[in-house]
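Peer 1: model this:
(one chain, ligands or ions: 1)
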Amino acid sequence: MHVLVLGAGQLARMMSLAGAPLNIDISAYDVGSENIVHPLTQTVIGKGLGNAIANADVITAEFEHIPHDILETCQQSGKFLPSAQAIKAGGDRRIEKALLDDAGVRNAKYYVIKTREDFDLAIEHVGIPLVLKSALGGYDGKGQWRLKNASQADAIWAEMAECIAATDNQAIVAEEFVPFGREVSLVGARGKDGSVAVYPLAENVHTDGVLSLSTAISDLALQAQAKEMFAAVANTLNYVGVLSLEFFDVDGTLLVNEIAPRVHNSGHWTQQGAETCQFENHLRAVCGMPLGSTKLVRETSMINILGEDTLPPAVLEMEGCHVHWYGKEKRQGRKMGHINVCGDYSGELQRRLCALATVLDRTAFPAVHEFAENFSANK
Ligand code: AMP
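Peer 2: Below you'll find the model as predicted:
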């Protein structure tokens, strides 16, 4: 089987690593340069979308900000999974919100803004405080504003108007501010036969809007809610592949914040912590194979390595620690790799996270240090 991935980043790389044992061969299409590259070495192996499509049995995507003409061309080939519609929903908050409403899943109240009059109506209908997000191109907390009181409206509108004018078809989605206790996510797969398999929920910590620490958790009531919402969204889209839902947990009630129609950073823990990792399950699904078990096999946390290209040797020495580098050039804040840390039981995982805090730099890994500080404060 030959799978073409739209996007040539770390997610295509990890799909390639997971596909090899199943004889699934991956090439990656760099949407910007139009090069077809090897996902591990980045060696250019071809050029042009037409060639890439002709040589693929299946086409999938590792990101959602893909020009719609490319998505349509892939859709017309009859090889594209999950679908152009699903990828568009992940890349445009207006389509995403409409999808969540269609699927009947709880999400924050919202209003779409194109003009200053719309902004006033959003304030009236949704209320203050408001979280304002660009419909297109926003990720990791970028392209967002917070309106905490009415006196900020003029200044924020000036910035939002500039944002709307800068991109074709841009708009702002105004959302009610959700007073959540924590953020969790559910990664799961839906097969061609409509079967659904979800992983345990992960609890996520963000630092400056970027995921920094993600831990698989066990909470039966929350898991059941999340799975129902997952199935509703996946069935509405007739989805095939791995899909990720990010939630706000408000006192045990989940609201969907956003969806990612792809493998997700908060599912990287499955490489060591689950029977079948998310990358293998995505490939199984899009290649029409049976889904693999999503069972948790070890308590696991994932720590993102942001803007660093080396780690102290003590990390590799530590039992239960697995380092995954993405082979990228170092840049401030860039996702360079991740560490999966495992324990046979949660106390062991917690102890190992505390031990990592003693060897990892505080500025680069604040979430690990905060975990260790909270852990010792609550002992
Ligand atoms: P997003 O890009 O939508 O994931 O937003 C980035 C972060 O902003 C989220 O991880 C939340 O911490 C926060 N956030 C987003 N939307 C809301 C909301 N409606 N209410 C409160 N916080 C939010």
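
Peer 1: Tell me how many other residues surround the nearest residue to residue 187 once chain neighbours are set aside.
Peer 2: Spatial nearest neighbour of residue 187, chain neighbours left out: residue 267 (3.6 Å); criterion: C-beta to C-beta, 6 or more residues apart in numbering. Glycine gets a C-beta too; all of them are placed from N, C-alpha and C. As a burial measure, residue 267 scores 29 neighbours (other C-beta atoms under 10 Å).

Peer 1: pLDDT value on residue 267, please?
Peer 2: We have a pLDDT of 98 for residue 267.

Peer 1: any idea how far it lies from residue 279?
Peer 2: 9 Å (C-beta to C-beta, to the nearest Å).

Peer 1: which regions of the protein sit below the pLDDT cut-off?
Peer 2: With pLDDT under 70 as the threshold, the chain has low-confidence stretches at 139-141.

Peer 1: Could you list the contact residues of it toward the ligand?
Peer 2: Neighbours of the ligand within the chain, by C-beta under 6 Å from any ligand atom: 108, 131, 133, 138, 141, 175, 177-178, 183, 206, 209, 257-258.

Peer 1: Only whichever of the residues you listed are buried, select them in PyMOL.
Peer 2: Buried members of those can be picked out in PyMOL with the line below, counting by 16 or more other C-beta atoms under 10 Å:
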select buried, resi 108+131+133+138+175+178+183+257+258
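
Peer 1: Show only the entries of the residues of the chain next to the ligand found in strands.
Peer 2: Counting by DSSP state E, the part of the residues of the chain next to the ligand found in strands is 131, 133, 175, 183, 206, 257-258.

Peer 1: Not counting its own residues, what contacts the helix or strand hosting residue 314?
Peer 2: Using DSSP states H and E, residue 314 sits within helix 313-317. Contacts made with helix 313-317 from outside it, assessed by C-beta atoms under 8 Å, 6 or more residues apart in numbering, are listed as 321, 323, 339, 356, 359-360.

Peer 1: Can I get those residues in JSON lines including secondary structure and distance to residue 215?
Peer 2: Compiled in JSON lines, these are given as follows (DSSP: H, G, I helix; E, B strand; the rest coil; distance: C-beta to C-beta, whole Å):
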{"residue": "321", "secondary structure": "strand", "distance to residue 215": "14"}
{"residue": "323", "secondary structure": "strand", "distance to residue 215": "17"}
{"residue": "339", "secondary structure": "strand", "distance to residue 215": "12"}
{"residue": "356", "secondary structure": "helix", "distance to residue 215": "13"}
{"residue": "359", "secondary structure": "helix", "distance to residue 215": "19"}
{"residue": "360", "secondary structure": "coil", "distance to residue 215": "16"}
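
Peer 1: List the contacts of the closest residue to residue 306 other than its chain neighbours.
Peer 2: Of all residues beyond its chain neighbours, the one nearest residue 306 is residue 333 (5.6 Å), with distances taken as C-beta to C-beta, 6+ apart. Taking C-beta under 8 Å, 6+ apart, we find residue 333 in contact with 208, 210, 306-307.

Peer 1: For residue 333, grab phi and psi.
Peer 2: Note on residue 333: backbone dihedrals following degrees, to the nearest 10 are phi 80, psi -10.

Peer 1: Could you number the chain from 27 rather than 1 from now on?
Peer 2: With the count now opening at 27, the last piece we talked about shows up as residue 359.

Peer 1: Can you show me the strands along the stretch 227-376 of the chain?
Peer 2: In order along the chain, the stretch 227-376 of the chain carries the following strands (DSSP state E, counting those that start in this stretch): 228-233, 236-242, 267-276, 279-286, 325-332, 347-351, 361-369.

Peer 1: starting at the chain centroid, how far to the fourth one?
Peer 2: Meaning strand 279-286. Between the mean C-alpha point of strand 279-286 and the mean C-alpha point of its chain there is a distance of 12 Å (C-alpha atoms, centre = their mean, to the nearest Å).

Peer 1: Could you do the first one as well?
Peer 2: Centroid displacement of strand 228-233 relative to its chain, using C-alpha atoms, centre = their mean, is 11 Å.

Peer 1: helices and strands around it, which ones?
Peer 2: Applying 3 or more C-beta pairs under 8 Å, 6 or more residues apart in numbering; DSSP states H and E, one finds that strand 228-233 contacts strand 208-216, strand 236-242, helix 392-403.

Peer 1: With the fourth one instead?
Peer 2: Contacting strand 279-286 under the criterion 3+ C-beta pairs under 8 Å, 6+ apart are the following elements: helix 110-117, helix 119-129, helix 246-262, strand 267-276.

Peer 1: what about dumping the CA coordinates of the longest one to CSV?
Peer 2: The C-alpha coordinates for helix 246-262 follow below in CSV (Å, rounded to 0.1, in the frame of the first residue of the first chain):
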residue,chain,number,x,y,z
LEU,A,246,-15.3,6.5,33.2
ALA,A,247,-18.1,9.1,33.2
LEU,A,248,-16.1,11.6,31.3
GLN,A,249,-14.9,9.0,28.8
ALA,A,250,-18.5,7.9,28.1
GLN,A,251,-19.5,11.5,27.4
ALA,A,252,-16.5,12.1,25.2
LYS,A,253,-17.0,8.9,23.2
GLU,A,254,-20.6,9.7,22.5
MET,A,255,-19.6,13.2,21.2
PHE,A,256,-16.8,11.6,19.2
ALA,A,257,-19.2,9.1,17.5
ALA,A,258,-21.7,11.9,16.8
VAL,A,259,-19.1,14.0,15.0
ALA,A,260,-17.4,11.1,13.2
ASN,A,261,-20.7,9.7,12.0
THR,A,262,-22.0,13.1,10.8
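
Peer 1: Sweet, I'm off.
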